[in-house]
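[1] next input, structure requested:
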Amino acid sequence: MKKRLISLVLVTLVGASMFTGCGSTKTNKVAESTSKADNTPVTITFWHGMGGNLGNSLEKIVKDFNDSHKNIKVVDQYQGSYDDELNKLKSAQVSGTAPDVMQCYDIGTKYMIDSKATVPVQNFIDKEKYDISSLEPNLLAYYTVNKKLNSMPFNSSTPILYYNKTAFKEAGLDPNVTPKTLDEVEAMSKKLVKKDTTGKITQYGFSMPIYAWLFEEFMIKQGKDYANNGNGRTKNATSVAYNKNGAGLAILNKWKELVSSGNVGNFGRKPADTQNAFMAGNTAMYIDSTASLSAVLKGVNGKFEVGTGFLPKVNKSDKGGVSIGGASLWIMDNKDTKKQQAAWEFIKFMVSPQEQAYWNANTGYFPVTKKAYALQAVKDNLVKYPQFQTAIDQLHASTPVSKGALLGVFTEARTGLETNIETMLSGHQTPQQALDNSADTANNAIEKYNKTNK
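    The predicted structure follows:
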């Protein structure tokens, strides 16, 4: 009986031990599985509009991030032009396939805010007490609305004057002195223009593309608003202001006068066409983005010496600076806090001094953080391309007051202006008519936009 009782106890203990062992193994497997799940990197998608060399440089930064962050993986996806990218985003928002991080150009800012589909980076800055004191204040100013930074500046540029120093010397002009006003542009152009034996112009003194961004910059130079309600920043713009404050007419009158002089060329609406004319020696001066410097120097390829200068004033008394072009980085509101945090970590990496120094040296966009200027890559770039110092000096000579307008229909407004300026320059309407027709197009688009986004 004793033996039987002992046997039963042993069997019970062994069975219990076996069940306990099975339970422990199962628990360990669950724990192991959970552990593996926790170590799985958070994958976020990043949409951008950078092709060619810009795209290659951007992919390098993304790779650097992925190599240094094992808990986050960024999948970058090129979406075409900025316009294409924004149109795709609008469709993706309907289908629920929007990216986690979106690079959006400056004039898309108002739409991005009004879409209510983003999380302001200010939320992460406040939560983390992230120091933004080294970031360029003029860049932050553009993307700040109601004291809230909505997106992080990434690739920023301003317009500058490019000029042929060799042509200046040949014309008896000081190659180190650039025109400060459009009147000076006109005076210098008379000396710079060249003609062949038949009287055909082979080199214009100056040219600028029919690009509405330049119109906006000349408004800022004059210290005048493009749109009402504080340039659409105190509250939604209900109409443009450039046709009422005199600044728009001053621009178009001078533009028409320059081209009508015969010394200033008009190569159409595509900035690349005017850039090509400069590189070929067909115009001695032209206006383009600071981001074009590398391409210009490569295109000139030593045929002549290239100089750069500040964007000329419309009037001698103008006190305004310049606003930025380019794009910023937005965190999309995908309702996933882990992905949003991962997106924030990626954005911080993108604007770090090291990555911005690399971006500057390889693209021509100036760094968004002042700390990058202390790094060797930026110093070496300025030694190699001293013309780029103009971009930096012009940015720092400007103030946060000189920020552009916010408009939900900037694409339509720009197209209308460019169409009418082109018609004006061909002699089919006056500057006042061009201005009024442009304003009508913009105001109709603004009215429709405001009704849709109440």
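
[2] low-confidence ranges in the stretch 351-454 of the chain?
    Using pLDDT under 70 as the threshold, the predicted model of the stretch 351-454 of the chain has no low-confidence range.

[3] go again with 80.
    Along the stretch 351-454 of the chain, segments meeting pLDDT under 80 span 454.

[4] can you show me the helices along it?
    353-363, 376-384, 389-397, 410-425, 431-452 (DSSP state H, counting those that start in this stretch).

[5] and those helices as CSV, adding distance to residue 92?
    Glycine gets a C-beta too; all of them are placed from N, C-alpha and C. Shown next, in CSV, are the helices of the stretch 351-454 of the chain (distance: least, C-beta to C-beta, whole Å):
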stretch, distance to residue 92
helix 353-363, 26
helix 376-384, 35
helix 389-397, 33
helix 410-425, 18
helix 431-452, 19
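
[6] out of those helices, which is closest to residue 194?
    Evaluated over those, closeness to residue 194 peaks at helix 410-425, with 21.5 Å, by C-beta to C-beta.

[7] show me the residue at the heart of this protein, geometrically.
    Among the residues of the chain, residue 326 comes closest to the average C-alpha position under C-alpha atoms, centre = their mean, at 1.6 Å.

[8] closest to residue 104 out of the helices of the stretch 351-454 of the chain?
    For residue 104, the closest of the helices of the stretch 351-454 of the chain is helix 410-425, at 11.8 Å, according to C-beta to C-beta.

[9] hmm, residue 354 is touching residue 378, no?
    No: Residue 354 lies out of contact with residue 378 (C-beta atoms under 8 Å); the separation is 10.4 Å.

[10] so which of those two has more stuff around it?
    The neighbour comparison of residue 354 against residue 378 (other C-beta atoms under 10 Å) goes to residue 378, with 22 against 15.

[11] for the more buried one, which non-adjacent residue is closest in space?
    Taking C-beta to C-beta, 6 or more residues apart in numbering, and ignoring the residues beside it in sequence, residue 378 has residue 357 as its nearest neighbour in space, at 4.9 Å.

[12] report how many residues lie close to the one you found.
    Here the count is done by other C-beta under 10 Å, and residue 357 has 23 residues near it.

[13] who touches it in this structure?
    Shown in contact with residue 357 (C-beta atoms under 8 Å, 6 or more residues apart in numbering): 367, 372, 375-378.

[14] the same query, at a cut-off of 10 Å, please.
    Residue 357 makes contact with 367, 369, 371-381, according to C-beta atoms under 10 Å, 6 or more residues apart in numbering.

[15] that one and residue 50, how far apart?
    18 Å (C-beta to C-beta, to the nearest Å).

[16] what helices or strands is the helix or strand that contains residue 43 leaning on?
    For residue 43, the enclosing helix or strand under DSSP states H and E is strand 42-48. Here strand 42-48 touches helix 52-68, strand 72-78, helix 82-95, strand 101-105, strand 325-332, helix 337-350, going by 3 or more C-beta pairs under 10 Å, 6 or more residues apart in numbering; DSSP states H and E.

[17] just how off-centre is the last one within its chain?
    When you say that, I think you mean helix 337-350. In terms of C-alpha atoms, centre = their mean, to the nearest Å, the centre of helix 337-350 is set 19 Å apart from its chain centre.

[18] buried ones in that helix?
    Neighbour-count burial for helix 337-350 flags 339-350 (criterion: 16 or more other C-beta atoms under 10 Å).

[19] what does stretch 113-122 give?
    113, 115, 117-122.

[20] make TSV out of the residues you listed and add pLDDT.
    Compiled in TSV, those are given as follows (pLDDT from 0 to 100):
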residue	pLDDT
113	96
115	94
117	95
118	97
119	98
120	98
121	98
122	98
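
[21] what's the angle from the strand holding residue 43 to helix 82-95?
    Orientation note: strand 42-48 sits at an angle of 140 degrees relative to helix 82-95 (axes from the mean of the first three to the mean of the last three C-alpha atoms, to 10 degrees).

[22] ok, which of the helices and strands packed on strand 42-48 comes nearest residue 175?
    Distances from residue 175 to each of the helices and strands packed on strand 42-48 were compared by C-beta to C-beta, and the smallest falls on strand 325-332, at 27.5 Å.
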